[in-house]
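Novice: got a predicted structure plus its sequence, pasted below:
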Amino acid sequence: MTRVGAFLVIAIVSAAIFAPLLVPFDPAVQQLALRLEGPTGAHWFGLDELGRDILSRVLLGARVSLLVGLVVVGVSSTLGMAMGAVAGYYGGRVDQVISRVMDVLLAFPGLLLAIALVAVLGPSLVNVVLALTVIGWVGYARLVRGQVLRAREFEYVMAARALGAGTWRILTRHVLPTALPAVTVQATLGMAGAILSEAALSFLGLGVQPPTPSWGTMINGGRAHLLDAPHLTVFPGVFLALVVLGFNFLGDGLRDQLDPKIAKPSRGV
Amino acid sequence: MALVEVRHLVKHFERGGGFLRAKSVVRAVDDISFSIEAGETYGLVGESGSGKSTTGRCMLRLIEPTSGEMRFRGEDVLSFDRSRLRAARRDMQMVFQDPYSSLNPRMKARDIVEEPLIIHRIGDRAERRDKVAELFRLVGLDPAHLLRYPHEFSGGQRQRIGLARALALNPSFVIADEPVSALDVSIQAQVINLLLDLQERLELTYLFIAHDLRLVRHICRRMSVMYLGKIVESGDSASIFAHPQHPYTRALLSAIPVTDPDAPRQRIELDANLVNRDAPLRELAPGHFAAV
């Protein structure tokens, strides 16, 4: 399953990277005479409601999805690790403040909060990333805080303090590395979540603005033609499902491999 | 003058204090005093939870004590600011109990021993590497194993790595917190002998924290017995072992296993009602104090 996930992720990531070379047609060019035409030899995935090549738009849409996923996961995991580390290591009032902020954010349904934020900030790709990050860091912070609370009591952390190591060194060398496997798993699963959320926001018209192709906006565009031209919705939908499935498989596989309870024991006592 | 002097050291932990629950205070270390002469091995014994490890950690300020003094070469370590404390750590080190949890499993043995040198910016990379190899030989490890990870060493070897790390900064005072209690008996003697050998060669002063009384009698000339956060008896080890005065010390001594199965033995159970927790330490014989 991990391999299937890895294969899907690698395939779609390479498709996104090489999209400008792979696209058979300019995704913005409209052939109105051929609008809503189904898959043909020339247009493998058919044409959309404005006569644009769907294959080209799906390939370029992958770039938006993966970019949003990467940036959201990158920023929220970095922010989350920093907040979680500070809360867990210092404890006391700092921890109280950070934990309460996390509780408040967790009390909102994530996507609803994102919709509200984007509605206030105005629909754009940057604001989608911003909104998803505001919600996304909490998961990493909670995870890291728990790991740091545990690691803080390790004798080797005590030993590092006895040697005179500063807080930065202790956190980066001794404490955070113990949290890294869990964060990696969370980040992989988080990619799937972020991509899905971006598609949802774009579907609602709050994300990527036309004419930039995004899977969410493409599915929305196909909504009116669901019965007479289902290929408008099916192709971006299938790719969205595949990439989310790929990241979820990969994340689950990584979790199984990094879980000490499942992994082979590495030390004989 | 004593090298180390602990005066009226107190550490209280607050517990609970949550919603609908009253705070309670645990007196982990409750006003203890003792002093350690340069070059000696001072024993601190007691059962789990008696506060002996907390005492050691408070002395190095790994835990901040509630009140009291910890004088090292006449200066109160507890009043040091961050940079003074950092500098002072070069002179006071600690060897930990658990050779498994005291070494970072993600670091190679060389990096573990090199870390204190990096922290205190000692030498360049090549000099540090030389020093690490030298420390490896000093504690009886093969420098060929420098690049191994902790899990590739045995418990005794790991404790030697911990010792090499503690000695990297040439400290004069080392707190050994139950350094052998997690090791096999056959390995214990090797590590103890190494500690004693290094003490002689490097002129080290030890605070030896233990619950194994036989060990303490073997290596400490003077000792204190801790019970529920207080020192209940202190003085020359020989005198304490020959004439234990406090009921807790007597119970502790009677619990030492005897090698002769036929030897007459009487296990004394400690009757908590016999212990007056507020009794002050009194000098019952020259240099022998007990809280009775």
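Specialist: Alright, I've got the coordinates.

Novice: residues from the stretch 151-292 of chain B in reach of chain A?
Specialist: Proximity of the stretch 151-292 of chain B to chain A (Cβ under 8 Å from any Cβ of the partner chain) is limited to residues B:151, B:162, B:165, B:169. (Each C-beta comes from the backbone N, C-alpha and C, glycine too.)

Novice: which is the next helix or strand following the helix or strand harbouring B:S224?
Specialist: Element membership of B:S224, judged by DSSP states H and E, is strand B:222-227. Sequence-wise, the next helix or strand beyond strand B:222-227 is strand B:230-236, with elements assigned using DSSP H and E.

Novice: what's the angle between that next one and strand B:222-227?
Specialist: Between strand B:230-236 and strand B:222-227, the angle formed by their directions is 160 degrees, by axes from the mean of the first three to the mean of the last three Cα atoms, to 10 degrees.

Novice: now do A:A200 against B:R121, distance only.
Specialist: Taking Cβ to Cβ, to the nearest Å as the measure, A:A200 and B:R121 are separated by 52 Å.

Novice: out of these two, name the residue with the larger neighbour count.
Specialist: Between A:A200 and B:R121, counting by other Cβ atoms under 10 Å in any protein chain shown, A:A200 is the more crowded of the two (18 against 8).

Novice: ok but that one is inside a helix, no?
Specialist: Yes - secondary structure assignment (DSSP: H, G, I helix; E, B strand; the rest coil) places A:A200 inside a helix.

Novice: mind checking how far it is from A:G216?
Specialist: As it turns out, when the distance is counted by Cβ to Cβ, A:A200 lies 6 Å from A:G216.

Novice: ok, then the element right after whichever strand or helix holds A:M191?
Specialist: For A:M191, the host element (DSSP H and E) is helix A:176-203. Using DSSP H and E, the helix or strand that follows helix A:176-203 towards the C-terminus is helix A:215-222.

Novice: just after that next one, pick out the following helix or strand.
Specialist: Read in the C-terminal direction, the helix or strand following helix A:215-222 is helix A:231-258, with elements assigned using DSSP H and E.

Novice: residue contacts, B:G156?
Specialist: B:G156 is in contact with B:99, B:183-184, B:187, B:190-191, counting by Cβ atoms under 8 Å, 6 or more residues apart in numbering or on different chains.

Novice: and B:L103, by the same measure?
Specialist: Taking Cβ under 8 Å, 6+ apart as the definition of contact, the neighbours of B:L103 are A:156, A:159, B:112, B:150, B:158, B:161-162.

Novice: may I ask which of these has the most neighbours?
Specialist: Neighbour max across the contacts of B:L103 (other Cβ under 10 Å) = B:G162, 28 neighbours.

Novice: could you double-check that it sits in contact with B:S101?
Specialist: No - when contacts are counted by Cβ atoms under 8 Å, B:G162 is not listed as touching B:S101 (10.5 Å).

Novice: the lowest-mean-pLDDT helix or strand in chain A packs against which elements?
Specialist: Comparing every helix and strand of chain A by mean pLDDT, DSSP states H and E singles out helix A:19-22 as the least confident one, with a mean of 82. Applying 3 or more Cβ pairs under 8 Å, 6 or more residues apart in numbering or on different chains; DSSP states H and E, one finds that helix A:19-22 contacts helix A:54-90.

Novice: quick one: the helix it packs on to chain centroid distance?
Specialist: Mean C-alpha position of helix A:54-90 versus that of the full chain (Cα atoms, centre = their mean, to the nearest Å) differs by 5 Å.

Novice: so who does A:P123 touch?
Specialist: For A:P123, counting by Cβ under 8 Å, 6+ apart, the contacting residues are A:205-207, A:209.

Novice: among those residues, which one lies nearest to B:S237?
Specialist: Nearest to B:S237, judged by Cβ to Cβ, of the contacts of A:P123 is A:G207 at 76.0 Å.

Novice: so that closest one makes contact with A:W215?
Specialist: No - the criterion here is Cβ under 8 Å, and A:G207 misses it with A:W215 at 10.1 Å.

Novice: any common contacting residues for these two?
Specialist: Where contact means Cβ under 8 Å, 6+ apart, the residues bridging A:G207 and A:W215 through contact with each are A:A199.

Novice: and the helix or strand containing B:E14, what's buried?
Specialist: Using DSSP H and E, the element containing B:E14 is strand B:4-16. Applying a neighbour-count criterion of 16 or more other Cβ atoms under 10 Å in any protein chain shown, the buried positions in strand B:4-16 are B:4-6, B:9-11.

Novice: anything in it near chain A?
Specialist: No - if you take Cβ under 8 Å from any Cβ as the test, strand B:4-16 misses chain A, and the best it gets is 11.9 Å.

Novice: neighbour-wise, which of the residues of the stretch 151-292 of chain B next to chain A leads?
Specialist: Tallying neighbours with other Cβ under 10 Å puts B:R165 at the head of these, with 30 neighbours.

Novice: give the full set of residues in contact with it.
Specialist: Residues touching B:R165, when contacts are defined by Cβ under 8 Å, 6+ apart, comprise A:159, A:163, B:112-113, B:115-116.

Novice: now do B:G162
Specialist: B:G162 makes contacts with A:159, B:95-96, B:99, B:102-103, B:179, as judged by Cβ under 8 Å, 6+ apart.

Novice: out of those, which are inside strands?
Specialist: The strands, defined by DSSP state E, take in B:V95 from the contacts of B:G162.

Novice: which one of the contacts of B:G162 has the most neighbours?
Specialist: B:P179 (29 neighbours).

Novice: I'd like the average pLDDT over the helix holding A:M191.
Specialist: Average pLDDT, helix A:176-203: 88.

Novice: hmm, that helix in reach of chain B?
Specialist: Yes - under the criterion of Cβ under 8 Å from any Cβ, helix A:176-203 makes contact with chain B via A:177-178.

Novice: what's the angle between that helix and helix A:215-222?
Specialist: 20 degrees.

Novice: between helix A:176-203 and helix A:231-258, how many degrees?
Specialist: Between helix A:176-203 and helix A:231-258, the angle formed by their directions is 170 degrees, by the same axes, to 10 degrees.

Novice: can I get stretch A:63-73 in PDB, CA atoms only?
Specialist: Only the C-alpha atoms of stretch A:63-73 are listed here, as PDB (Å, rounded to 0.1, in the frame of the first residue of the first chain):
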ATOM      1  CA  ARG A  63       0.600  22.300  -9.900                       C
ATOM      2  CA  VAL A  64      -1.800  24.500  -8.000                       C
ATOM      3  CA  SER A  65      -2.900  21.600  -5.800                       C
ATOM      4  CA  LEU A  66       0.600  20.500  -4.900                       C
ATOM      5  CA  LEU A  67       1.900  24.000  -4.500                       C
ATOM      6  CA  VAL A  68      -0.900  24.800  -2.000                       C
ATOM      7  CA  GLY A  69      -0.300  21.500  -0.300                       C
ATOM      8  CA  LEU A  70       3.400  22.000   0.000                       C
ATOM      9  CA  VAL A  71       3.300  25.600   1.200                       C
ATOM     10  CA  VAL A  72       0.500  25.000   3.700                       C
ATOM     11  CA  VAL A  73       2.200  21.900   5.100                       C
END
